[in-house]
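# Here is my input, please return the structure:
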Amino acid sequence: MASGFSFGFAGDDIEDDGQPTSQVNSIAPPTPSAATSASAFPVQGKPLLPPTHHDIDLMLSRLPSKIAYSLLDVELEEGKAIQIPRRELWDVRVQLMAEDDGSNISETEPGLGEHDVKTGIYEGGFKSWESSVDLVKVLASENAPTILNRDPCVLVELGCGTALPSLALFQWAMNERKSGEKQPLTLVLADYNPSVLYLVTLPNFLLAWALSQRESTPALADAFSLEDEVELLPGVVAAFKEFLTSNQITLSFLSGGWSPDFIDLLYSSGIPSTPPGSVQTLVIGAETIYSPFALESFAATLLLILERERKERPNGHASSIVGAKKMYFGVGGSLDDFVLRMRGLGALVEPLREEAEGVRRGVVRCSLS
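You can find the predicted model right below:
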């Protein structure tokens, strides 16, 4: 039986939803396939979700009539800051209750129950973790906004959940596209649970777009009539899709366990086969190495992507930025173990940031020579 646990230390999750558990129904996931030793988060006797690509048009068609949100303030260097919108978890529950068939939330959507993670079932995607904020800070310090406007870029966020780092990059890309040449940008959002992609990841991107473009997009003129909510009035979704197309921004959504099949799907349905010019490819992950199983699977998957990028795009540059806690007490994963594993696989690993306040955390960059 799959284990469920909470990491059990203060400051672990930056959510503070406080809503009671409700009787709700989840969005139905694909039929699981048999687990293999190469897949993410193996649980003995428990099949895993197969790698699956999700069509953005279908995902958008399943959005509710309005989305409630809050803004997360992230302080950056030199007195700068960024506000990242996140769909409220209580709003997710409202949507699920509208589809209620009498199922228990802790059974149909474990992420809205009492556990941080249920291995092989739910991998923490509804929550926003502190290391994802660390990644936002590092990306800002690494001059990501300027690079987005200079070169074609591919971003892959593994274990994306609420996708705070990708949302920050998306917001910076939107700002950069207000002037100058528009370089192609592909954002691949991957989470083990398809319901996370439908219920929080995609809605967060739509929120980021709406808040950024509300003054310049006629379809959004009346969409903010309610406080802290965006109404998806006729034309709003179409304007979102048109914005992505006209600005050469592609959003791709993948779910399922990490495996060789996942890599094949990533390159067949997620990453463009021949993006032009000198491509900058960045793979990011926050809190993806919390256990030995997760660490090993993430490291192997990351190495496969870096090797494939080096082979298929020799004129480009590929690297990864990973944020995690120094130690996951009672679970077995650690950032130091990840660094040792990646170096053992032949990767170059460079420390970028350390956080000593609260739970100790770090951010490292991985690349191939």
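# From here on, just use CA atoms for contacts and neighbour counts.
Noted.
# who touches Ala223 in this structure?
In this structure, Ala223 makes contact with Val230, Glu231, Leu232, Leu233, judged by CA atoms under 8 Å, 6 or more residues apart in numbering.
# What's the separation between it and Gln213?
Ala223 sits at a distance of 11 Å from Gln213 (criterion: CA to CA, to the nearest Å).
# Likewise for Ser141?
Distance check for Ser141 against Gln213: by CA to CA, it reads 25 Å.
# ok, the two, which is more surrounded?
Legend: neighbour count by other CA atoms under 10 Å for Ser141 and Gln213, higher for Gln213 (17 against 14).
# List the buried residues in the longest helix along the chain.
Taking DSSP state H as the criterion, the chain has its longest helix at helix 292-312. Neighbour-count burial for helix 292-312, counted by 16 or more other CA atoms under 10 Å, picks out 292-303, 305-306, 309-310.
# among the contacts of Ala223, which one has the lowest pLDDT?
For these, the least confidently modelled position is Leu233, at 92, judged by pLDDT.
# before we move on, what SS does that residue have?
At Leu233, secondary structure determined by DSSP: H, G, I helix; E, B strand; the rest coil is coil.
# pLDDT weak spots in this structure?
1-46, 101-127, 179-180, 274-277, 330 (pLDDT under 70).
# Break down it into its strands, ranges please.
Per DSSP state E, the chain carries strands over the ranges 4-5, 52-54, 66-75, 81-87, 117-118, 153-158, 185-191, 229-231, 249-255, 280-286, 317-325, 348-355, 361-367.
# Turn those into JSON lines, including distance to Asp336 and mean neighbour count.
Rendered in JSON lines, the data for the strands of the chain read as follows (distance: least, CA to CA, whole Å; neighbours: other CA atoms under 10 Å):
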{"stretch": "strand 4-5", "distance to Asp336": "22", "mean neighbour count": "14"}
{"stretch": "strand 52-54", "distance to Asp336": "31", "mean neighbour count": "19"}
{"stretch": "strand 66-75", "distance to Asp336": "26", "mean neighbour count": "16"}
{"stretch": "strand 81-87", "distance to Asp336": "29", "mean neighbour count": "20"}
{"stretch": "strand 117-118", "distance to Asp336": "22", "mean neighbour count": "20"}
{"stretch": "strand 153-158", "distance to Asp336": "19", "mean neighbour count": "24"}
{"stretch": "strand 185-191", "distance to Asp336": "24", "mean neighbour count": "25"}
{"stretch": "strand 229-231", "distance to Asp336": "42", "mean neighbour count": "19"}
{"stretch": "strand 249-255", "distance to Asp336": "27", "mean neighbour count": "22"}
{"stretch": "strand 280-286", "distance to Asp336": "15", "mean neighbour count": "23"}
{"stretch": "strand 317-325", "distance to Asp336": "9", "mean neighbour count": "24"}
{"stretch": "strand 348-355", "distance to Asp336": "11", "mean neighbour count": "15"}
{"stretch": "strand 361-367", "distance to Asp336": "9", "mean neighbour count": "21"}
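# In CSV, list the ones you listed along with distance to Leu197.
Conversion of these to CSV gives the following (distance: least, CA to CA, whole Å):
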stretch, distance to Leu197
strand 4-5, 21
strand 52-54, 9
strand 66-75, 15
strand 81-87, 12
strand 117-118, 16
strand 153-158, 12
strand 185-191, 7
strand 229-231, 18
strand 249-255, 7
strand 280-286, 15
strand 317-325, 20
strand 348-355, 28
strand 361-367, 24
